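Q: Predicted model follows, preceded by the sequence.
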Number of protein chains: 2
Amino acid sequence: MAQAQVPEYVRVVEELFSKYKEFVYVGKYIQRWDAVAKITGKALFTADFLKFYKDPVYVYTVRPKYAHAYIKSIDTTEAERYPGVIKVLTAKDIPGVNDVGYVIPDQPLLADKKVRYIADPVALIVAEDKYVAAEAAELVHVEYEPLPVITDPLEVVDLKTLKEKEHVRIHEERESDIISHFKIRKGDVEKAMKEADVVVENEYRTGMQEHAYLEPEAAIAIPEADGGVTIIATTQCPFDVRKAVARVLGLTQNKVRVVVPAIGGGFGGKEDVVNEIGAKAALAAYYTGRPAVVIHTREESMIGHSKRHPMVAWYRHAAKKDGTLLAVEANIVLDTGAYASLGPFVAWRAIVHSTGPYKVPNARVDTLAVYTNNVYAGAFRGFGNPQVTFAFELQMDALAEELGMDPVDLRLKNILREGDRTVHGQLLTKEHGVGLEETLRKAIEVIDWYRKRKEYSQFAEGTLRKGIGLALLWHGNSIGVEGADYSSATIIINRDGTITFRTGLTDFGQGALWGLVLIAAEILGVPPQLFRIEPPDTSSTPDAGPTVASRSTVMGGAATMNAAYKLRKRINELAANMLGCSPDEIVIRAPEKEDVKPSDVEVFCSSDPSKKVKWTDVVEQSFWDGVPLQEFGFFRAPKAEWDEETGQGAPYVTYTFGTMVAEVTVDIETGAVKVDRMVTAYDIGRVINRVGAELHAEGGAIQGLGYALMEEIVHDKNGVVRTYNLSNYYTPLVDDIPDEIIPIWVEAGFKRGPFGAKGLGEPSIVAIAPAIVNAINHATKHRFTQIPLTPERIYLGLKKAGKIKL
Amino acid sequence: MAQAQVPEYVRVVEELFSKYKEFVYVGKYIQRWDAVAKITGKALFTADFLKFYKDPVYVYTVRPKYAHAYIKSIDTTEAERYPGVIKVLTAKDIPGVNDVGYVIPDQPLLADKKVRYIADPVALIVAEDKYVAAEAAELVHVEYEPLPVITDPLEVVDLKTLKEKEHVRIHEERESDIISHFKIRKGDVEKAMKEADVVVENEYRTGMQEHAYLEPEAAIAIPEADGGVTIIATTQCPFDVRKAVARVLGLTQNKVRVVVPAIGGGFGGKEDVVNEIGAKAALAAYYTGRPAVVIHTREESMIGHSKRHPMVAWYRHAAKKDGTLLAVEANIVLDTGAYASLGPFVAWRAIVHSTGPYKVPNARVDTLAVYTNNVYAGAFRGFGNPQVTFAFELQMDALAEELGMDPVDLRLKNILREGDRTVHGQLLTKEHGVGLEETLRKAIEVIDWYRKRKEYSQFAEGTLRKGIGLALLWHGNSIGVEGADYSSATIIINRDGTITFRTGLTDFGQGALWGLVLIAAEILGVPPQLFRIEPPDTSSTPDAGPTVASRSTVMGGAATMNAAYKLRKRINELAANMLGCSPDEIVIRAPEKEDVKPSDVEVFCSSDPSKKVKWTDVVEQSFWDGVPLQEFGFFRAPKAEWDEETGQGAPYVTYTFGTMVAEVTVDIETGAVKVDRMVTAYDIGRVINRVGAELHAEGGAIQGLGYALMEEIVHDKNGVVRTYNLSNYYTPLVDDIPDEIIPIWVEAGFKRGPFGAKGLGEPSIVAIAPAIVNAINHATKHRFTQIPLTPERIYLGLKKAGKIKL
């Protein structure tokens, strides 16, 4: 197809967006397919497959005692002699390429010349037993030459000048320890600053968050007859694992099969680390010819997989007296730890969103990601956006305070609406679906904002203070200019009328695939209960791209639409032939009942409903008439644009918008915070899977609450992780959860999303922390600028400011 | 699409048939993909999967002591108490439908009211151990009321009148123990018989042949989290197993997944029996929640799976003095044993081919299949055709003798050529590719027929006699009017340029899938070594139909063409964009080397070969440009026609033709026969996989030799199988194999076959036995009419005829 034309698969999505106004399955409360299996404990997660596999070998990773050191020598002799040890593998044993770097080839699978963080893999013990393997790890003797350890990114770069400082180099093989530098240059910031009535300037810090999923990382590798390998792994991105394992083992990609069973949470954490552990397991399988297992303990998981990038940012906002934003300036530094992982992409998403969903006529932003000797940071729900949203939404409240305006009014003055241009110059049209204002208006109405804002300003009950705060968000959909943004789905109608659904996208607990089934069910007229979702398997489906960036519903949904649409067209023609009416008149409808069977589904003519056949008869006829009932659906997002020098372009196809409101009670004597109530109002274009959407809004709010108030991976000055287990890394417990989390859905409709849908996965955490901190700042009449805002920080902050006397 | 039009997928095959005259991969000697894995013992067959699976339960079948009896009661108490027994299952434990009948629902999975043959399953022991299971089977107490046993089909039906006789009924639930009756009525047979110069009339008998594959039947069932089940099984027809298991377990088809690993031979034997054992394993998995295993010993295999139908036939041929055939009359009775299995289809294929590849102006043929209490008969390479070919090719030699003509000359007088009509009135055009005469002329030339025929007539060296004989064949391609005749294949081009190939067709040792890969490689220009064939998996591919009826290359190949063609078109456009020439000019070519890599493959413009890119670059570009590189290919054979009353129509889309010649030495004192040399000349339209074709011709000849001379399942009068192991059922050994088997290939070209190809799998056995027996008859100057023609039968036959005196 010519590049200028709209491809057929985009036209299909647009056509169906216009056509469907009412829905049978989409947006309804329908129990997801795997609920019973998960509730009854029958669902099989990766490690559960050991109940099937006989005689596996266990792989344990030898890690260093220094976070930064040269390796002088590795002596594995004693470990290899240890009873039960089969083999000890080091870098020299890798048949392919010793690298698992995701964006930059900077990360050896097994360290050869140096170690760069406290969990950097040095060797692998392959043993008959997991305890033996761990014991033998002590017997690998590594001679190190320790180096000074850098744990603060500001030791690498100056926040004001953004220049690299003199420091001990972490990646000497690279030109610089700054891995990326992105820019926005728009208008004349200096002039705007001079002309402004009000300027606010602050430094913000966010913590290193841990994904803390229920299921730590696991992979099982099974050697295949042709020299290939099958990997069962808890990964969000099976095709990435395939690529990485093929590279490490020196195999072609079609000889590596990755199968993904039930996953106990991902949040972005099960991206590149699974390339690493998958390759470790595959390496052991390659050398032993036996199934090989890597299962991380919680401790290994917490020190050994990527985290959310901590941010240090300096922001300056300028506005007119009436609140009109004139300019934003920011220097943003992200700590990517020992390896780049997805750092450059995280930094890019951070800068794209760095000025918020507002009209910003003048802007100068610089975003840097730098190496340290901390645990490496990578993908995490929100992907750079929660960090910058924390900063700019606190800036907005600070600005409102300086201007003496209500935070809502200030925002209403500046928010992006249809017809506005983003800071990148991207024109937001009706096609994008711009429902931000509606989320804001509905959220403040539901919560009764103005009354409470006033009332809480005066609230004081002993040491208790109340506050209400809000934060807005935008979140670019899918992966934008980060990569080739395609997806696919497979629908096969079986001879008994049931349907087999497959995609290379993964369901890591978020229920993403159920949304795709609802879309297919809507188009085909066949109830979702008659679908079976098969697990992702790189040998069975085409590459559907990674399951990241809130792209499953938008991208996978659009691909699913294409597959379902083609099948529906063929079925309509077939049924029309059978019934003697026009294909356009064919209706497919199932009775509403729990135990619906394929033969319950009816196919009839709208002009004469007495002309009808069973769905199963139509399917059977297709086999006799030679009408294929299988389809791959494909979708590729329109290409994104980004000018490296100015940050101008159209970085994402559309944006999800939202308004978060939080009500808090703070005990100023202890610093304890209780989030009493939250409103989460999202414009996600169209609600596809209503149960999933509500649970997402809730889950994101709770994880965001943890990010705001308690969660932080702490390194000591030697780069040793002090928060290495869930007993010392705090996440929200049941008591921490707000009494009420009220979801509001705005469906402004994105023309190129399935039935108008946009992504929700990441947006659901993006603006939680600033809403809560803005509420705490309102309650305490103090300007906290750092998260996690622990009781200790609140207490010390208020004490230092003389606001409490204890 | 309208019914009258030629569907797009047929047009693609026709277009490529016309276009390709020279080939890079098709028809070349290229080592198949699984050769190394199989030779080195690494290939995994079903039972090998037990090396992975922990804690399986073993399922053993309790079988009766009578071949025909009512079941009065079944007492499982003692067996259930036996240590190690988990459960004993009988008919009442089946949650779905207690039937595994293939064509007719006549075959309970577990007998409830009566048993009908000596291996009829009565109960299942599910135990911790296979020995315990077998022991406990002795403790299931079944009270039987024995019935008279019928082992001869002529006890059920009269060969002359074709009327059902008075007999003890086997299937009382049915109207008759005759399961099918097919007819050909053409012209005026009575008149032709009167006008004929010569009439020959004989009775022919063929034996019950055993598939005798290396790997006995096996299935492993694994329970799934959602109540579904995965079956690993050695089956030719995974979609049939899926259907059968779903029915027995009361599940929808999409909840049953059937995966097919390496298979050690099929020959038609691994069709319905795997439905049975798959269902048994699934039932045990359902009740125990553990992996459940059924593995037949050789004895269980030989008494418990379908066989080749024995035939009794009466034939009368009439001809003019010059050899012109005037009429054929025949009564053909097939013994289908205790259950119909595929009997009706076998009987139909038998009648279609019953008069041979000759012009027969007048014909009256009746073919019946009847129940007995023998082991049930079903599909076996040739599927009814070897039986009738044996009869009509012996008739042709008898006729030649009566006419004093050379057998070749008689055949040349009567064979079907382009422009002729078959006995069903089907016009054979150039589109069908009618290369029969060429096979005959080439075969007799290579063997020096006329000289040897004369020379051997006079040969006598002590007790040794020499003979030369031939037989012709035709074999209708694919499944004709037996069923919905469709197939499909899946091609996925991976991001590194390698290719994943899948189909629901199976490779049971015949190498079928390699032919499909060669077809795809030819069209895509990518060498076959860069393909990986994934095992058949009902959850990963659409139903491709069963792997039977020599249909893989024709039907699967046509489907593969469609997938590859669509991809190639898209790639040509993409490459043309990249290179700046027309899509028609794009050439894709790989260097000839063993270790070829995707990046070695070049894409260039024929008009200017300096305009070139790497294949891998084109593939990478497709991911950025949004060009999907995955396709399902589909093909459905044009509908076949058959008039039930007259046998007129067009039963098959085309026919494979062939001429077999055999040279033998017979020791008339011992009856020992040595087949010295064979020529196997086939018109298969186009040789796709040359290695496979040659090995097929050879394998078919050897299996046909066994059929001709030694192989026979023998029941005693109580229906007990006396040949229950390979120690008493004789198959050809190395010494029995002819010194030379010379393959000849005629490529007449079938317009709707992939590059013109037709099937070879079954044809390769069809005319072996009559060629050998015609040679023996030539050598001994006797007219033997029964196979297997054992030394004993030869000796006794010659003695009875007074031709030897010992």
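A: Received the coordinates, thanks. What you see is a predicted model, and the numbers here were worked out from it, not measured in a lab.
Q: Apart from its neighbours in sequence, what residue is nearest the residue of the stretch 51-200 of chain A found nearest chain B?
A: Across the stretch 51-200 of chain A, no residue is closer to chain B than residue A:54, which sits at 4.6 Å (C-beta to the nearest C-beta). Where you see a C-beta, it was placed from the backbone N, CA and C, and this is true even at glycine. On the basis of C-beta to C-beta, 6 or more residues apart in numbering or on different chains, the spatially nearest residue to residue A:54 that is not a chain neighbour turns out to be residue B:54, at 4.6 Å.
Q: Helices of the stretch 251-400 of chain A, start to end?
A: Along the stretch 251-400 of chain A, counting by DSSP state H, counting those that start in this stretch, helices occupy A:272-288, A:298-304, A:343-353, A:385-403.
Q: Give me the contact list for the third one.
A: The set of residues external to helix A:343-353 that reach it, using C-beta atoms under 8 Å, 6 or more residues apart in numbering or on different chains, is A:103-104, A:179-180, A:182-184, A:309, A:311, A:332, A:334, A:336, A:365-369, A:376-379, A:383-385, A:387-389, A:424, A:474-476, A:479-482, A:642, A:647, A:651-652.
Q: Just the ones of these in strands?
A: In this view, those that belong to strands under DSSP state E are A:179-180, A:182-184, A:311, A:332, A:334, A:336, A:365-369, A:474-476, A:642.
Q: Which among the residues you listed count as buried?
A: Those of the ones in strands among the contacts of helix A:343-353 that meet the buried threshold are A:179-180, A:182, A:184, A:311, A:332, A:334, A:336, A:365-369, A:474-476, A:642, by 16 or more other C-beta atoms under 10 Å in any protein chain shown.
Q: ok, back up a step: who touches the residue of the stretch 51-200 of chain A closest to chain B in this structure?
A: Listed by C-beta under 8 Å, 6+ apart, the contact partners of residue A:54 are A:291, B:51-54.
Q: same thing but at 10 Å, please
A: Taking C-beta atoms under 10 Å, 6 or more residues apart in numbering or on different chains as the contact definition, residue A:54 lies against A:290-291, B:50-56.
Q: And for residue A:723?
A: Applying C-beta under 10 Å, 6+ apart to residue A:723 gives the contacts A:208, A:210, A:302-303, A:711-715, A:729-730.
Q: Turn the residues you listed into JSON lines, including neighbour count, secondary structure and pLDDT.
A: Listed next are the contacts of residue A:723 as JSON lines, based on neighbours: other C-beta atoms under 10 Å in any protein chain shown; DSSP: H, G, I helix; E, B strand; the rest coil; pLDDT from 0 to 100:
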{"residue": "A:208", "neighbour count": "23", "secondary structure": "coil", "pLDDT": "98"}
{"residue": "A:210", "neighbour count": "27", "secondary structure": "coil", "pLDDT": "98"}
{"residue": "A:302", "neighbour count": "24", "secondary structure": "helix", "pLDDT": "98"}
{"residue": "A:303", "neighbour count": "22", "secondary structure": "helix", "pLDDT": "98"}
{"residue": "A:711", "neighbour count": "25", "secondary structure": "coil", "pLDDT": "98"}
{"residue": "A:712", "neighbour count": "21", "secondary structure": "coil", "pLDDT": "98"}
{"residue": "A:713", "neighbour count": "22", "secondary structure": "coil", "pLDDT": "98"}
{"residue": "A:714", "neighbour count": "14", "secondary structure": "coil", "pLDDT": "98"}
{"residue": "A:715", "neighbour count": "23", "secondary structure": "strand", "pLDDT": "98"}
{"residue": "A:729", "neighbour count": "21", "secondary structure": "coil", "pLDDT": "98"}
{"residue": "A:730", "neighbour count": "17", "secondary structure": "coil", "pLDDT": "97"}
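Q: tell me, which of these make contact with chain B?
A: Residues of those in contact with chain B (C-beta under 10 Å from any C-beta of the partner chain): none.
Q: Next, work out how far apart the residue nearest to the spatial centre of chain A and chain B are.
A: Taking C-alpha atoms, centre = their mean as the criterion, residue A:381 is the residue nearest the geometric centre of chain A, at 3.3 Å. According to C-beta to the nearest C-beta, to the nearest Å, residue A:381 stands 25 Å off from chain B.
Q: Need the distance between the two termini of stretch A:569-589.
A: Taking C-alpha to C-alpha, to the nearest Å, stretch A:569-589 runs 16 Å from one end to the other.
Q: what's in contact with that stretch?
A: A:12, A:24, A:493, A:523-527, A:568, A:600-613, A:615, A:617-619, A:621-622, A:625, A:627-629, A:631, B:1-3.
Q: one step back: mind putting the contacts of residue A:723 in CSV, distance to residue B:775 included?
A: Putting the contacts of residue A:723 into CSV (distance: C-beta to C-beta, whole Å) gives the following:
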residue, distance to residue B:775
A:208, 86
A:210, 81
A:302, 80
A:303, 79
A:711, 87
A:712, 90
A:713, 85
A:714, 90
A:715, 88
A:729, 85
A:730, 89
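Q: For the stretch 1-150 of chain A, what lies in contact range of chain B?
A: Looking at chain B, the residues of the stretch 1-150 of chain A close enough under C-beta under 10 Å from any C-beta are A:1-3, A:7, A:9-10, A:33-34, A:36-38, A:40-44, A:48-56.
Q: Low-confidence ranges, the stretch 151-300 of chain A, go.
A: Counting by pLDDT under 70, the stretch 151-300 of chain A contains no low-confidence segment.
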